[in-house]
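S.K.: Got a sequence here, can you model it:
(2 chains)
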Amino acid sequence: MRLTLSLLVARIAAWASRTVLRRSGQALPGKVLLKLHPKAISELSAKRRVILVSGTNGKTSTTKVLTEIISQLGETVSNRTGSNLDRGSASALMEPSKFAVLEVDELYLPKMIEQSKPEIVLLLNLSRDQLHRMHEVRKVCDRWKAAVKNAPETTFIGDVDDPFIAAVLMCAAKRIRISFGGRRHLDGAVCPSCGLYLKWSQLNFKCSCGLSNSDYEMKLQSGSAAYRNCELANIVGSNAGAKRLEFSSSDLERTVEKQINGLATTIRLVKNPASWSEALTSLSSQNIVLILNAREVDGIDTSWLWDVSFENLRGRKIIVCGERAIDLVHRLHVAGIDSDTETDLNHAVKRFSGNAEIEVLAAYTAFFSLVTL
Amino acid sequence: MTQIRVVRIHNELLGTYGDQGNAEVLAFRAKFHGITANIIDVSYSDPLPRNGNIYLLGGAEDSAQLLSLEALRRERALEDAIDDGAVLLAICAGFQIVGNSFWANGREVEGLGILDVASVPGKKRCVGEVKTKCSILNLELSGFENHSGVTKLSSGVQRFASVSTGFGNGDKKTDGALSGNVFGTYMHGPILARNPELADLLLTRATGRQFSKIEDPLATKYAHIAARY
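M.R.: Residues are numbered from 1 along each chain as shown, chains lettered A, B, ... in the order given. So this is what the prediction gives:
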């Protein structure tokens, strides 16, 4: 009864927010619902098959393709706009469905596991990101470990080439560990299981405590982050009984193509050292615009710019904009890479010739202001 | 041309908060002064060279901090280099390592004792912009802090800077500590990128030479803008 009433009020709030305030209102109904009924997520999850997706990079795009995969099996709800705190999940769960595929913020994952009792949790990766909020990667990993130990009924699926994910999966009663043949990790110097110096041989790690990426249930060929996430989504899908679906890398890359002032631009979301590094190694154009902001979700401290190698930008034409353009221009200056600044993307594209193809790497808040224009 | 060695200690362990950029800024500023600064990366498994001119320690998570301390304890190379007049810039976890004691992974450990300070866990994590005034430089500094340790200086130990915004050593008054050529602070940014004149001071201390003012308008502009973050 309490749930029914709370849902009604939350729906009225959502309607008012959309029609009166003209907001998209993804988080608001969930926020109202949780305020009125803090146990709403548990109750709304109870009769559904719930799948959670978390990790530093690739949550939103992986959740999107996984939702498509799971939808083959029946009605599926999802917080597809990336509203990934508990309120965003609560909003998604307000609609009835057989399945729920939810993207979950790293810090909220333990709470969501406890409340939604998921059938499957997909763990993508963990690396330094928004450290003003996450503080330490290891601490996020430790919280996940505790949450996983308390969920023996849930199947945890993840990329064991990431030492943090490998350490979390060690704690799982039911797990599918997938290796893509190994890869280096910026935060992989210390074993996240025992704290010893982690021994790497080329792209693979093996600690004396037993943590290793050569212990897996499945091994696949190596590839880009987009490819890996697509494979992981299909493994989750097949575990839930769904047929495999194929996707192109661009479906998973948070990339949007857009005409700006008559010029073709490809805008890609980048948000932390791992995603910047991934984007910088796959540049195809000589004409680059970089947009840096430092709001809450971007990370308010830009020190991490010094953890990224910008060598791949050398020799290209680079225009920098965004609220923290100066931080990046100075970073490049010290690396001996020239760049210019412009006030915004509209002005930036004018610096290139008429038929130039322009690649734009945009920080989180900049990306969303551009793609929703 | 004068050559100096900038030793970046255990960057794979102490590079979590961007402090590795301090080495790059030192090398960049050195060029303006007609000095070649060679950056020497020393990893956990390597012996630490004793002939460095400037040594750098950065911020880290607890387990990484303990591993770095363990490696530094294997030899007295850092202490010997400092006795010979080398410069040390120790940030955050690095600052705690060179103190008398600190806490990591829930236990107290003995530090290297290079600075007469002691760190304990604070009640809440200190995160945010930090603005200070450094008296030896007569310079306003800016940076970003992200730590849970609170550091107490023994009596007679000089603070690195006085805090105007932020937590610093946890008392909101002092940041870091200073003794001879050893500089400890909680400021990231990296600190030398945001405060290039501090980089110049370290180069002066390392070479014993006085330098004329550098014309690097972009660095100056960035320092001014970042001072208002």
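S.K.: For the chain, give me the ranges with low pLDDT.
M.R.: Picked chain A for this. A:22-25, A:373 (pLDDT under 70).
S.K.: that answer is for a different chain, and I need it for chain B
M.R.: In the predicted model, chain B carries pLDDT under 70 at residues B:1.
S.K.: Show me which residues of it are close to chain A?
M.R.: Contact residues (CB under 8 Å from any CB of the partner chain) of chain B with chain A: B:12-13, B:15-21, B:24-25, B:28, B:44-45, B:61-64, B:66-67, B:105, B:125, B:127-128, B:144, B:146, B:148, B:188-190, B:193, B:218-219, B:221-222, B:225-226. (Each C-beta comes from the backbone N, C-alpha and C, glycine too.)
S.K.: Give me the subset of the residues you listed lying in strands.
M.R.: Judged by DSSP state E, the residues of chain B next to chain A include B:Arg125, B:Val127, B:Gly128, B:Phe144, B:Asn146, B:Ser148 as members of strands.
S.K.: I figured the second one hits B:Glu145, correct?
M.R.: Spelled out, it's B:Val127. Yes - the criterion here is CB atoms under 8 Å, and B:Val127 meets it with B:Glu145 at 6.8 Å.
S.K.: Please identify which of the two sits among more neighbours.
M.R.: Using other CB atoms under 10 Å in any protein chain shown, the more surrounded residue of B:Val127 and B:Glu145 is B:Glu145, with 27 against 19.
S.K.: which residues touch the nearest residue to B:Ile191 once chain neighbours are set aside?
M.R.: The shortest distance from B:Ile191 to any non-neighbouring residue, by CB to CB, 6 or more residues apart in numbering or on different chains, is to B:Gly143 (5.1 Å). If you count contacts by CB atoms under 8 Å, 6 or more residues apart in numbering or on different chains, B:Gly143 has them with B:Glu129, B:Val130, B:Thr132, B:Thr185, B:Tyr186, B:Met187, B:His188, B:Gly189, B:Ile191, B:Arg194, B:Asn195.
S.K.: Make TSV out of those residues and add distance to B:Ala118.
M.R.: TSV is the format used below for the contacts of B:Gly143 (distance: CB to CB, whole Å):
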residue	distance to B:Ala118
B:Glu129	26
B:Val130	21
B:Thr132	21
B:Thr185	16
B:Tyr186	15
B:Met187	20
B:His188	22
B:Gly189	25
B:Ile191	22
B:Arg194	27
B:Asn195	26
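S.K.: in the stretch 201-350 of chain A, which spans are helices?
M.R.: Remark: helices assigned in the stretch 201-350 of chain A by DSSP state H, counting those that start in this stretch are A:225-240, A:273-281, A:325-334, A:345-349.
S.K.: typed the wrong thing, it's chain B
M.R.: Taking DSSP state H as the test, the helices found in chain B are B:11-14, B:21-32, B:62-73, B:77-83, B:93-97, B:191-194, B:196-207, B:217-226.
S.K.: Please identify the most buried of these.
M.R.: Each of the helices of chain B was scored by mean neighbour count; the highest is helix B:93-97, a mean of 30, by mean count of other CB atoms under 10 Å in any protein chain shown.
S.K.: May I have that helix as PDB, with CA atoms only?
M.R.: Taking Å, rounded to 0.1, in the frame of the first residue of the first chain, the C-alpha atoms of helix B:93-97 are listed here in PDB:
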ATOM      1  CA  ALA B  93      51.800  10.100   1.000                       C
ATOM      2  CA  GLY B  94      55.500  10.900   0.100                       C
ATOM      3  CA  PHE B  95      55.500  13.600   2.800                       C
ATOM      4  CA  GLN B  96      54.200  11.100   5.400                       C
ATOM      5  CA  ILE B  97      56.800   8.500   4.400                       C
END
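S.K.: helices or strands next to it in the packing?
M.R.: Applying 3 or more CB pairs under 8 Å, 6 or more residues apart in numbering or on different chains; DSSP states H and E, we find helix B:93-97 packed against strand B:54-57, helix B:62-73, strand B:117-134, strand B:139-153, strand B:182-185.
S.K.: so how far is that helix from its chain's centroid?
M.R.: The chain centroid and the centroid of helix B:93-97 are separated by 9 Å, computed with CA atoms, centre = their mean, to the nearest Å.
S.K.: circling back: shared neighbours of B:Val127 and B:Glu145, anything?
M.R.: Overlap of the contact sets of B:Val127 and B:Glu145 (by CB under 8 Å, 6+ apart) is empty.
S.K.: coming back round to it: looking at the helices of chain B, spot the one closest to A:Val50.
M.R.: A:Val50 lies closest to helix B:62-73 among these, at 33.2 Å (CB to CB).
S.K.: ok and that closest one relative to strand B:139-153, angle-wise?
M.R.: Put simply, helix B:62-73 runs at 90 degrees to strand B:139-153, going by axes from the mean of the first three to the mean of the last three CA atoms, to 10 degrees.
S.K.: show me the residues around the spatially closest residue to A:Lys139 that is not a sequence neighbour that make contact.
M.R.: Distances taken as CB to CB, 6+ apart place B:Glu61 nearest to A:Lys139, at 7.8 Å, with adjacent residues excluded. When contacts are counted by CB under 8 Å, 6+ apart, B:Glu61 touches A:Glu136, A:Val137, A:Arg138, A:Lys139, A:Val190, B:Thr16, B:Ala93.
S.K.: Out of the helices of the stretch 201-350 of chain A, flag the one nearest chain B.
M.R.: Taking CB to the nearest CB, helix A:325-334 is the member of the helices of the stretch 201-350 of chain A nearest to chain B, at 4.2 Å.
S.K.: For that closest one, buried residues please.
M.R.: A:Ala325, A:Ile326, A:Asp327, A:Leu328, A:Val329, A:His330, A:Arg331, A:Leu332, A:His333, A:Val334 (16 or more other CB atoms under 10 Å in any protein chain shown).
S.K.: Just list what it packs against, helices and strands only.
M.R.: Using 3+ CB pairs under 8 Å, 6+ apart, helix A:325-334 is in contact with strand A:317-321, strand A:340-341, helix B:21-32, helix B:191-194, helix B:217-226.
S.K.: what's the distance between it and the middle of its chain?
M.R.: With CA atoms, centre = their mean, you get 26 Å for helix A:325-334.
S.K.: Out of the contacts of B:Glu61, which end up buried?
M.R.: When the contacts of B:Glu61 are checked for burial by 16+ other CB under 10 Å, the buried set is A:Glu136, A:Val137, A:Arg138, A:Val190, B:Thr16, B:Ala93.
S.K.: which residue sits closest to residue 110, ignoring its sequence neighbours?
M.R.: This is for chain A. A:Ala147 (3.6 Å).
S.K.: wait, chain B
M.R.: Distances taken as CB to CB, 6+ apart put B:Ser101 closest to B:Glu110, at 5.6 Å, once the chain neighbours are dropped.
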